[in-house]
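Colleague: next come a sequence and a model predicted from it.
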Amino acid sequence: MSPDLAVLHEHPEWQKPLFDALRRRGIGYVPIDLKRACFDPDALPACRLYFNQASPSAYVRGNTRAVPLALSLMRSLELRGARVLNGSAAFSLELRKSEQAALLAGLGIDHPRSLVFNDVEAAIAGWDGGWPALLKPEQGGSGARMFLLEEPEDLRRLLAGQPSLWEPDNLLLLQEYFPLPAGQGIVRMEFLGGQLLYGMRVISHGAFNLCPSEACNPEGGGESHCELPAAAPVKPVEFHPYGEVPARAIEAGERIVAAGKLDVGGIEYLEAGDGRLIFYDINANSNLRKPIGEAFGFDPFERVADYLLSQL
């Protein structure tokens, strides 16, 4: 007999807490490791429910092929009538920062100005968002390939010296930069089933990799399983429970996850100096942080297992 649930994934360390919670609940599941996989479009579906946990950052771990296979598998499953949580629409949104900006614009939610480009000189000519500016990949994940550029010449030098930054899709973004006080950080809201699960404040100390998984950013700065180059900040990234998320931020987050078709997701925003909340990142693969959930009195992975059970 086929198990009830299939979990699509690529990073085994991220999945361990969820798999443990599923076993405690007695939920039969099969992990589908996207690093080395295949599927027969004529033989789908096999499970009652599929849960996508693929990550756009797979390529930084040498698993570039996982992303196109995940998207193809989910689209094929959906065409055959399978139920896929965080399915192809949500994953496509996470893969493309341009889609995220377009979604936020359509919802009337404040977000950074962005310019998508495949040519340096076209970008410099077309960018009117001011300097310094952030350089980001179209297909992001875990803060990879992000740089703060002071002037146009920095962009020319950077991409001339590191042409690999164009990988994997040859699309990059210039994005409006919002300087923040050192101790303020950003806010990440985790949503489950369309509702706020918890909020946390994240203090980066100059790092771009704000992945909340303890495998990547351990408590107290211990050994990391993240395969991004360790351009070490002065201090480890800090994650703090944030129970005072304003109602307007929660309402905006609810609209984003509904429009983006995210069953589970992390939404990040920053607080600009003029009081605006600037939403800048939508994460369909939501790496939960157990100590934050426990600060609010629950294990977040148990909540996800309960949600999956309810969907079954």
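Modeller: Ah, there it is. Numbering: from 1, shown residues only.

Colleague: and Leu107, its phi and psi?
Modeller: Backbone torsions of Leu107, given as degrees, to the nearest 10, read phi -90, psi -10.

Colleague: tell me which element the closest residue to it other than its chain neighbours falls in.
Modeller: What sits nearest to Leu107 in space, not counting adjacent residues and going by CB to CB, 6 or more residues apart in numbering, is Arg255, at 5.6 Å. For every residue, glycine as well, the C-beta is placed using N, CA and C. Taking DSSP states H and E as the criterion, Arg255 maps to helix 247-260.

Colleague: average model confidence for that helix?
Modeller: Averaging pLDDT along helix 247-260 yields 98.

Colleague: contacts for it?
Modeller: Outside helix 247-260, the residues within contact range by CB atoms under 8 Å, 6 or more residues apart in numbering are 89-90, 93, 103-104, 106-107, 109, 187, 189, 191, 194-196, 199, 262, 265, 267, 269, 277, 279, 282, 284.

Colleague: which ones among these lie within strands?
Modeller: Secondary structure from DSSP state E places 187, 189, 191, 195-196, 199, 265, 267, 269, 277, 279, 282 of these in strands.

Colleague: quick one, helices of this structure?
Modeller: 12-25, 66-79, 88-95, 97-107, 120-126, 152-161, 247-260, 290-295, 300-311 (DSSP state H).

Colleague: can you mark which positions in the shortest one are buried?
Modeller: Within helix 290-295, the residues that qualify as buried are 290, 292-293, 295, counting by 16 or more other CB atoms under 10 Å.

Colleague: any chance of these in CSV, with pLDDT too?
Modeller: Shown next, in CSV, are these (pLDDT from 0 to 100):
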residue, pLDDT
Lys290, 94
Ile292, 96
Gly293, 96
Ala295, 97
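
Colleague: skipping adjacent residues, who's closest to Asn63 in space?
Modeller: Lys35 (4.9 Å).

Colleague: do I have it right that that neighbour meets Val67?
Modeller: No - counting by CB atoms under 8 Å, Val67 is not a contact partner of Lys35; they are 10.7 Å apart.

Colleague: find residues that contact each of the two.
Modeller: Shared contacts of Lys35 and Val67, defined by CB under 8 Å, 6+ apart, are found at Ala58.

Colleague: between the two, who's got more neighbours?
Modeller: Taking neighbours as other CB atoms under 10 Å, Lys35 and Val67 compare with Val67 leading, 23 against 16.

Colleague: for the closest residue to the more buried one other than its chain neighbours, list the residues it contacts.
Modeller: Excluding its sequence neighbours, the residue lying closest to Val67 (CB to CB, 6+ apart) is Ala58, at 5.4 Å. When contacts are counted by CB under 8 Å, 6+ apart, Ala58 touches 10-11, 34-35, 64, 66-67, 141.

Colleague: can you give me the distance of Ala58 to Glu94?
Modeller: Here Ala58 is placed at a distance of 12 Å from Glu94 (CB to CB, to the nearest Å).

Colleague: ok, now Thr64?
Modeller: Distance, Thr64 to Glu94, using CB to CB: 16 Å.

Colleague: try His111
Modeller: If you go by CB to CB, the gap between His111 and Glu94 works out to 15 Å.

Colleague: what does Val84 give?
Modeller: 14 Å.

Colleague: for stretch 110-128, buried residues please.
Modeller: 111-112, 114-117, 123-124, 127.

Colleague: so which residues make contact with it?
Modeller: Contacts of stretch 110-128 (CB under 8 Å, 6+ apart): 97-98, 100-101, 104-105, 129, 133-134, 138, 152, 155-156, 159, 170-178, 272, 276-280.

Colleague: let's see it at 7 Å
Modeller: 97-98, 101, 104-105, 129, 133, 138, 152, 155-156, 159, 170-176, 276-280 (CB atoms under 7 Å, 6 or more residues apart in numbering).

Colleague: first-to-last residue distance for that stretch?
Modeller: End-to-end span of stretch 110-128 (CA to CA, to the nearest Å): 17 Å.

Colleague: I figured Arg25 hits Val304, correct?
Modeller: No - counting by CB atoms under 7 Å, Val304 is not a contact partner of Arg25; they are 10.2 Å apart.

Colleague: between those two, which is the more surrounded one?
Modeller: A side-by-side neighbour count of Arg25 and Val304, using other CB under 10 Å, places Val304 first with 24 against 14.

Colleague: would you confirm that the more buried one contacts Asp20?
Modeller: No - between Val304 and Asp20 there is no contact under CB under 7 Å: 11.4 Å.

Colleague: where does the stretch 151-300 of the chain dip in pLDDT?
Modeller: 206-234 (pLDDT under 70).

Colleague: now do 50
Modeller: Low-confidence segments of the stretch 151-300 of the chain (pLDDT under 50): 225.
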